[in-house]
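>>> got a structure for you, letters missing:
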DNA sequence: CTCCAATCTTAGAGACACTCTAAGTTTAGA
DNA sequence: TCTAAACTTAGAGTGTCTCTAAGATTGGAG
């Protein structure tokens, strides 16, 4: 059944990710070639591209799982769910899923975070994947909460939440709690950064 | 003394942008080579890279002017300016500056918009440039309004505004007013998508 | 007008990401 | 053990982008 084949593939994939991140950390992203990565993982360059469509993709290895996380939240949602609750729930699910090939305290997780912030091409890739998840999220939110918002509002809301989180977490001072910043940021986006003036 | 030299450069640059967008429209972005673009503009491929660092850059020709737009808004701001006013002013300035090599009703402007939405690599480039402008905007906003918000809040706010606008304008139904959507979206981000519950 | 110097353009060589095809190897299951 | 499918690989080729050195054009000084 779940044979030796699957296991071997899993290990090759993991080896490629580890090799890539280690080398990116040591030599920089641009300073590392796919040939070097595959050599370190003991496979041919052609094999690298069997596992990852682009050199960039190895940094976003499990990103596609975020789609499933969003789908999961809305599949479990009651039909009369409120917007605020669904938004909070989705953010929480995305944040805790942390669909990534390493545990949160793994050293390479920190390397990856550093790379995403430092290498423009990778930040762009991150933003794009974020935006695509946002598109899907907006669609689900609209379908689930039709009477409460229209399509444009749903897109604006999800775009605002993701945009705010990316920017806020980038500014996160060392030692402060990411969880707290996430919660406060979502709250501000949903309910406003400033009190509405009366009138 | 704005000599013949400057003028010639300006025309070469413009020719490259027009050639690129026309070909992208006809053959697709990936289906067009730099060799084809430069051939149509009657220069060598090497010259293309004298004007634009990457093939992608030709689509974002005047993007760097957005920085100056942001700087301009904050240079003109009174020291006691309010957050909401500065945000609105900046969005307005960015929207109307529309720092682009063609007038708004030029056919290639529409081509460019279509490309940005359709080609993932270009959407990623757009999001990155947006985010970088957002970083600068957040910094200025924080410096100008220190008592009113901290660094993380400023970043979250600008990130939210830009993220919301990108997502909302993507969903814009044909024939509806972009200006109205922009204004409504900014208002929602600043003052909240939902009314705050009492308590 | 002529020549010099700075600037701009270009050819050419080369690195690297990525694609495709065809061939070789390994594994699952009969 | 044999076969079919899945996986890996070499090799050739395309296109972006870099770098260097050489050729062309222009602005200014004599």
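Nice, I can see it. Just so we're clear, the structure is a prediction, and the values are computed from it rather than from any experiment.

>>> Can you tell me, leaving aside adjacent residues, what's nearest to the most centrally placed residue in chain A?
When CA atoms, centre = their mean is applied to chain A, the residue found nearest the centroid is residue A:63 (5.7 Å). In this structure, residue A:63 finds its nearest non-sequential neighbour in residue A:129, 5.1 Å apart by CB to CB, 6 or more residues apart in numbering or on different chains. C-beta: built from backbone N, CA, C; applies to glycine.

>>> Can you name the residues that contact the one you found?
Shown in contact with residue A:129 (CB atoms under 8 Å, 6 or more residues apart in numbering or on different chains): A:60, A:63, A:66.

>>> That one and residue A:135, how far apart?
Distance of residue A:129 to residue A:135, given as CB to CB, to the nearest Å: 11 Å.

>>> do residue A:78 as well
Distance, residue A:78 to residue A:135, using CB to CB: 24 Å.

>>> Over to residue A:84?
If you go by CB to CB, the gap between residue A:84 and residue A:135 works out to 21 Å.

>>> again, but for residue A:148
The gap separating residue A:148 from residue A:135 is 19 Å, by CB to CB.

>>> what does residue A:79 give?
Separation of residue A:79 from residue A:135 (CB to CB): 23 Å.

>>> Then residue A:97?
Applying CB to CB, the value for residue A:97 to residue A:135 is 18 Å.

>>> Settle it for me: which of residue A:79 and residue A:135 has more neighbours?
Shown here are residue A:79 and residue A:135; by other CB atoms under 10 Å in any protein chain shown, residue A:135 has more neighbours (16 against 6).

>>> quick one: the helix or strand hosting that one to helix B:120-144, angle?
For residue A:135, the element it lies in under DSSP states H and E is helix A:120-144. Orientation check (axes from the mean of the first three to the mean of the last three CA atoms, to 10 degrees): helix A:120-144 against helix B:120-144 gives 90 degrees.

>>> In terms of helices and strands, where is residue A:17?
Using DSSP H and E, residue A:17 maps to helix A:4-27.

>>> and that helix with helix A:120-144, angle?
Angle of helix A:4-27 versus helix A:120-144, following the same axes, to 10 degrees, is 130 degrees.

>>> what does the helix or strand following helix A:4-27 contact?
Using DSSP H and E, the next helix or strand after helix A:4-27 towards the C-terminus is helix A:34-40. Residues outside helix A:34-40 that contact it (CB under 8 Å, 6+ apart): A:16, A:19-20, A:22-23, A:27, A:44-45, A:47-49, A:55, A:58.

>>> what about helix A:34-40, near DNA strand C?
Yes. Applying CB under 7 Å from any atom of the strand, one finds helix A:34-40 in contact with DNA strand C at A:34, A:35.

>>> Could I get the buried residue list for that helix?
A:34, A:37, A:38, A:40 (16 or more other CB atoms under 10 Å in any protein chain shown).

>>> Name the nearest of those relative to DNA strand D.
Comparing the buried residues of helix A:34-40 against DNA strand D with CB to the nearest atom of the strand places residue A:38 closest, at 7.2 Å.

>>> element containing the residue in chain A positioned nearest to chain B, please.
Closest to chain B within chain A is residue A:163: 1.9 Å, counting by CB to the nearest CB. For residue A:163, the element it lies in under DSSP H and E is helix A:151-170.

>>> Just after that helix, pick out the following helix or strand.
Counting by DSSP H and E, the next helix or strand C-terminal to helix A:151-170 is helix A:178-191.

>>> What's the local residue count around residue A:62?
Residue A:62 - counted by other CB under 10 Å - has 13 other residues nearby.

>>> Repeat that for residue A:25.
Residues within reach of residue A:25, counting by other CB under 10 Å, total 17.
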